[in-house]
Structure formats: C-alpha cells, structure tokens
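Colleague: Next come a sequence and a model predicted from it.
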Amino acid sequence: MLNKSIWMVGIAWLGSFSCSSGPKIAPDTAAMVNHSEIKSSEVEKVFQNRIKQASQTPAAEEAATLKLNILSQLIMDEILMERASKDNLTASDTEVNAKFTDFKKNYTEEKFQQFLKDQGMTVDDIKKELLKNATIEKLYNKEITSKISVAEAEITNYFSKNRANYNLPERWHVMHVLVTPWPDPQINNTKNDDAKTDEAAREKVQNLLHRILNGEDFAAVARDYSEDSSTAPMGGDLRLLSAEQLDALDPKSPFAKAVLSLKAGETFGNVIVTKYGYHIVKLVEKEAAGQHDLTDPKVQSEIRQAIFARKEALLKAAFLEMARNEATVRNLLAEKILAEPGSSTSTSASK
C-alpha cells in the first residue's frame, strides 16, 4: 500500500511538472499559438496606429471588434511564421536588410525619422514586419504559387464561355497616383505614406509629379506613395477603361479629357483634381474597339491571369484553414469579451 501511495504521489508530481513547463499565460496575454504568446500590448500598438488615422474615435464595441480582427491576423501570422520556420523558409538577415534599404531609399533621414515618429515605430519594428512579410511570401510560393498551373485547354474553355465579353469598345490603359487631402486609415503603399491635410497633399503630389516627369518609374512611385489602397500595390494600374468608365470616375473633373489627350507612354503634365483628391495620370496604351480573339496575346494573358487568380485564392483559403486547424490556439481576448460582455468592450476601448 505504501508503494502504491508513493507511486501516486510521483505521478501527481510529474503531472504538475509537465504543466509548469507548458505555455505561460500572463495578465498581458492576448492569445497563445502553440507555445508562443501574443501580448495584448502588441494588439494595442497596431490598434492605436489604426485609429489615429481615423476621422473619429470608434465606439467601445467597434474598438473591441477591431482589436479582435487585429488579433486574428496576428494569430494567423504567427501560425504561418512557425510553419515557415519548420520548412527553413525564414527570410535571412541579408534579404531583410535589402528590403529595408529599398524601403528607406526615397526618404531623407529627417523624413524617415518623422515617419517613425508618426507611426510610433522603430527601425527594429520595420525590419520585423519586413521579415514577416518576406517569410510568409516564401511560404506561399512554396505551398501555393509553385503548385498552380493553367492549361491551354482551360484558357480555350474560358474564352468560349466568355467570348461576348471580349467584343469591346475603344479602351485606354491608364495608371494613376492618387493623393488624398485627408487622413486615410487604409493606406496600402509600401512607404505607408499619407498626406493628412490639403496643404500636405498638394505639396506631395507636386513633388511626385516632378519626380515622374524627370524620369522616375511611374509604377514604382505609385507603389511607394499612392493613397489609392486598391491600385497602389499594382503600381497604380487602373487597367483598361472605356470612355464611359473614364467619365464615370468623376464627370465634373477633367480626368477623362486629360487621358484622351495623351499619347501612349505619356504622363499628363499637370495634377488633376477630382472628388477623390489629386491625381497624376499616365496613358500606357490605347486599344481599338472590336471583337478580340484568343489569338490576341493580351486576351490569352488576361484569361491566364484570371484563372491563376481563382486557383490561387482557392488554394490560399484552403491552406490557411488547414494551417489554422493544425495549430493549437487559445484566444484569451475573445474569452474575456464573452465572459464579461458588459465591461470588456469598454475596457478594450479605453486602453
């Protein structure tokens, strides 16, 4: 009986030891991902950076929802980073430093320091973000992009089902840089650069126009500085637009007239003002009206890209679900909100 008692005590001691070696949950823990902690302070830092660009302070419930969304993204990022690490895909210091140099190249030291101050970031914060983005991109390339192929039969089948969509009016392939005269909470350019006043916007757009007219690559400038969140990542590409679509952008502005006055490859020499803000516009090419056949390389390329994008979106959604399923996640912020519905939202908003 004594031996059995000693054995039971030993088992209990081992159990307590194994628990003590597991993930530690502290008052500042927002979530646990496998054995890694995401702190509430990390969520709060992103949250504060988001709301300071908003036109008004969010209500308590809105603030709590935003924090949950931020935390959800941080959880997914941590899952992907751990997966990439297991596959030896973590971006190297050399890769990160090269991306940092590219990120910083168009800033003077004074403006770079001001950028850090405005964003509440340090150089290490930026490099950490660049490391994460580069690593996740490598993971996506391995698990998704490299596995996608588009067969000629798929292109032919797509065209046969959508042939009428390629009987097109005259169109203009347009690129633009947009600068808005107000704070934008959804800035998506590589510099995270945002003009917050009309004076700052006019100064910024004139500076960018001068740089473009003096030979800088239009797409690179758009990616770095355009405040159009949907087109900045694509180098400001508005793609092919009909005369009707051009006019619909802002019928009261000279936007369409400016585009129609350009020759292929030209950038309009003045800033164009619309209801959206200040624009710099370039015409890439002009396309004649008529039925476009599958023999047209542009049609083939467009269809290939469309099919590729659909496959990529599907595989990415499935991959993220699989990665999430294989991880052990505990969202303590969500638990707190559900446990204290009357007070958690006000707490999350007041931090």
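Modeller: Here it is on my side, so go on.
Colleague: Looks like Arg83 contacts Lys138 (just checking).
Modeller: No. Counting by CB atoms under 8 Å, Arg83 stays clear of Lys138, with 11.0 Å between them. For the C-beta atoms, the positions are set from N, CA and C on the backbone; glycine is no exception.
Colleague: Spatially, what comes nearest to Glu244 if we skip its sequence neighbours?
Modeller: Excluding its sequence neighbours, the residue lying closest to Glu244 (CB to CB, 6 or more residues apart in numbering) is Pro169, at 7.7 Å.
Colleague: In this structure the one you found contacts Ser242, no?
Modeller: Yes. Pro169 is in contact with Ser242 according to CB under 8 Å; the separation is 4.8 Å.
Colleague: What are the boundaries of the helices in this protein?
Modeller: Ranges of helices within the chain are 2-20, 40-51, 60-86, 93-104, 109-119, 123-143, 152-161, 198-213, 218-225, 243-249, 255-260, 297-326, 332-339, 344-350, based on DSSP state H.
Colleague: Give me the contacts around the fifth one.
Modeller: Going back to what we said before, that points to helix 109-119. Applying CB atoms under 8 Å, 6 or more residues apart in numbering, the contact partners of helix 109-119 are 49, 104, 107, 122-123, 126, 191-193.
Colleague: Next one: Lys24 from His35, what distance?
Modeller: 9 Å (CB to CB, to the nearest Å).
Colleague: which ones are touching the residue nearest to Val174 when sequence neighbours are not counted?
Modeller: Excluding the flanking residues, the one nearest Val174 by CB to CB, 6+ apart is Leu238, at 4.4 Å. The contact partners of Leu238, taken as CB under 8 Å, 6+ apart, are 174-176, 231.
Colleague: Check the gap between Leu238 and Arg50 for me.
Modeller: 27 Å.
Colleague: wait, His279 sits on Ile272?
Modeller: Yes. Counting by CB under 8 Å, Ile272 is a contact partner of His279 at 4.4 Å.
Colleague: Which one's more surrounded, the two?
Modeller: His279 (26 against 21; other CB atoms under 10 Å).
Colleague: Tell me which residues touch that one, please.
Modeller: 176-179, 205, 255, 271-273.
Colleague: what's the overlap in contacts for His279 and Ile272?
Modeller: By CB under 8 Å, 6+ apart, the residues touching both His279 and Ile272 are Phe255.
Colleague: how about the closest residue to Glu82 other than its chain neighbours, what does it touch?
Modeller: Leaving aside its sequence neighbours, Glu82 sits nearest to Asn34 (CB to CB, 6+ apart; 6.3 Å). Taking CB under 8 Å, 6+ apart, we find Asn34 in contact with 23, 82, 327-329.
Colleague: from those, which would you call buried?
Modeller: 327, 329 (16 or more other CB atoms under 10 Å).
Colleague: so can I have a markdown table of the contacts of Asn34 showing pLDDT?
Modeller: Formatted as a markdown table, the contacts of Asn34 follow (pLDDT from 0 to 100):
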| residue | pLDDT |
| --- | --- |
| Pro23 | 64 |
| Glu82 | 97 |
| Ala327 | 97 |
| Thr328 | 96 |
| Val329 | 97 |
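Colleague: what's the closest of the contacts of Asn34 to Leu209?
Modeller: Nearest to Leu209 out of the contacts of Asn34 is Glu82 (CB to CB; 44.7 Å).
Colleague: my read: Lys138 touches Ala84, true?
Modeller: Yes. Using CB under 8 Å, Lys138 makes contact with Ala84 at a distance of 6.5 Å.
Colleague: what about these two, which has more around it?
Modeller: Ala84 (22 against 17).
Colleague: That one and Asn133: what is the separation?
Modeller: On the measure of CB to CB, Ala84 and Asn133 end up 11 Å apart.
Colleague: One more: Lys336?
Modeller: 30 Å.
Colleague: quick one: which of those two has more around it?
Modeller: Neighbour count, other CB under 10 Å: between Lys336 and Asn133, Lys336 has more, with 17 against 14.
Colleague: per-residue confidence for Asp77?
Modeller: Looking at Asp77, its pLDDT is 96.
Colleague: Count residues in the vicinity of it, would you?
Modeller: 17.
Colleague: so what's it up against?
Modeller: Asp77 touches 132, 136, counting by CB under 8 Å, 6+ apart.
Colleague: Show me how far the top strand by length along the chain is from its chain's centre.
Modeller: Ranked by residue count and defined by DSSP state E, the top strand of the chain is strand 277-287. Averaged C-alpha coordinates place strand 277-287 at 24 Å from its chain's average position (CA atoms, centre = their mean, to the nearest Å).
Colleague: I'm done for today, thanks for sticking with me.
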